[in-house]
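Chemist: 3D, please:
(one chain, ligands or ions: 1)
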Amino acid sequence: MIDETVYVTHGPADLSLAQDLFSTIRNFPFTVHVAMEELESGRSRSELGGRIANADLVVALFTEDGATDAWLNQEVGYAVAKGVPVLPIYESPDDRGGYVADTEGVELQRDDLTVTVFNLVCRLRAALAPLGALSVPNWFLRFPCSLDGCDGTVTIEVERSQKDLWRMHEHNQPVRQDCKTCQSSYFFDAGTFGFLHREDGALPDD
Ligand SMILES: [Zn+2]
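Modeler: This is a model prediction of the structure:
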């Protein structure tokens, strides 16, 4: 549906961190390739060049442990060579090296991943806007309604600014969208777009 892709490069110790950072972002309709997940399907890391060359953005995780990883640094270099923008995430600005030593990115706050994810969403919205064809909203979530027997599709158009979304998050005010078929309501965290809960509606009698 949407052909934007993001490639996440990281050191071997940071797979679960990468998955944590992108778990709610994967609710959005673009594709996220996480380097070491790709290896699970039997590819070798050297075969991932095509994923990088075709990505709209490469996100590079420069943690204290991972920053010197050879694959991470080679993949950043490869992205730069292919003209793919690189967004660094770093524990300390000094952990960035090489081509991205001066690139502004997202600071990793391990004790507050919500803030990190929110800042990552900010940067992704700037880098990937508009998503897909112009006939669809700039940023949106779309998923099949999960109420038993409902065949509705729910679309959440993300029109608010990131500043407004953060304010909502701080006030525990979720993003809400109703299924137009059964009136079930879906609630998502405004800061991270993580799914919170569903209030069941009912299918119309026929
Ligand atoms: Zn429904």
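
Chemist: Nearest residue to the middle of this structure?
Modeler: By C-alpha atoms, centre = their mean, the mean C-alpha position of the chain lies nearest to residue 25, the distance being 3.2 Å.

Chemist: who's in contact with it?
Modeler: For residue 25, the contacting residues are 32, 117, 120, 121, 124, 192, 193, by C-beta atoms under 8 Å, 6 or more residues apart in numbering. Heads up, the C-betas are built off the backbone N, CA and C, glycines and all.

Chemist: Restricted to helices, list those residues.
Modeler: Using DSSP state H, 117, 120, 121, 124 are the members of these that sit in helices.

Chemist: which ones are touching the first one?
Modeler: Okay, so that is residue 117. 21, 24, 25, 191, 192.

Chemist: which among the residues you listed gets closest to the ion?
Modeler: When the contacts of residue 117 are ranked by distance to the ion (C-beta to the ion), residue 24 comes first, at 21.4 Å.

Chemist: quick one on the thing from earlier: may I have the predicted confidence score for the residue nearest to the centre of the chain?
Modeler: If you check residue 25, the pLDDT there is 94.

Chemist: still on that earlier bit, identify the farthest-apart pair in the contacts of residue 25.
Modeler: Maximum pairwise distance in the contacts of residue 25, criterion C-beta to C-beta, is 14.3 Å, between 32 and 192.

Chemist: Find the nearest non-adjacent residue to residue 189, please.
Modeler: residue 196 (5.9 Å; C-beta to C-beta, 6 or more residues apart in numbering).

Chemist: Dihedrals phi and psi, that neighbour?
Modeler: Main-chain torsions, residue 196, degrees, to the nearest 10: phi -100, psi -60.

Chemist: Same question for the one 3 residues further on.
Modeler: For residue 199, the backbone dihedrals (degrees, to the nearest 10) come out as phi -100, psi 120.

Chemist: Kindly state the beta-bridge partners for it.
Modeler: Beta-bridge pairing for residue 199 (DSSP bridges): residue 185.

Chemist: In contact with it: list those residues for me.
Modeler: 184, 185, 187.

Chemist: May I see the buried residues of the lowest-mean-pLDDT helix or strand in the chain?
Modeler: Every helix and strand in the chain was compared by mean pLDDT, DSSP states H and E; the lowest is strand 139-144, with a mean of 90. The neighbour-count check on strand 139-144 (16 or more other C-beta atoms under 10 Å) flags 139, 140, 141, 142 as buried.

Chemist: same for that strand, what does it pack against?
Modeler: strand 153-158 (3 or more C-beta pairs under 8 Å, 6 or more residues apart in numbering; DSSP states H and E).

Chemist: now the angle between strand 139-144 and the strand it packs on, please.
Modeler: 170 degrees (axes from the mean of the first three to the mean of the last three C-alpha atoms, to 10 degrees).

Chemist: moving C-terminal of strand 153-158, what's the next helix or strand?
Modeler: The first helix or strand that comes after strand 153-158 along the chain, using DSSP states H and E, is helix 162-170.

Chemist: ok, and for that next one, which residues are buried?
Modeler: 162, 165, 166, 168, 169.

Chemist: Packing partners of it?
Modeler: helix 113-128.
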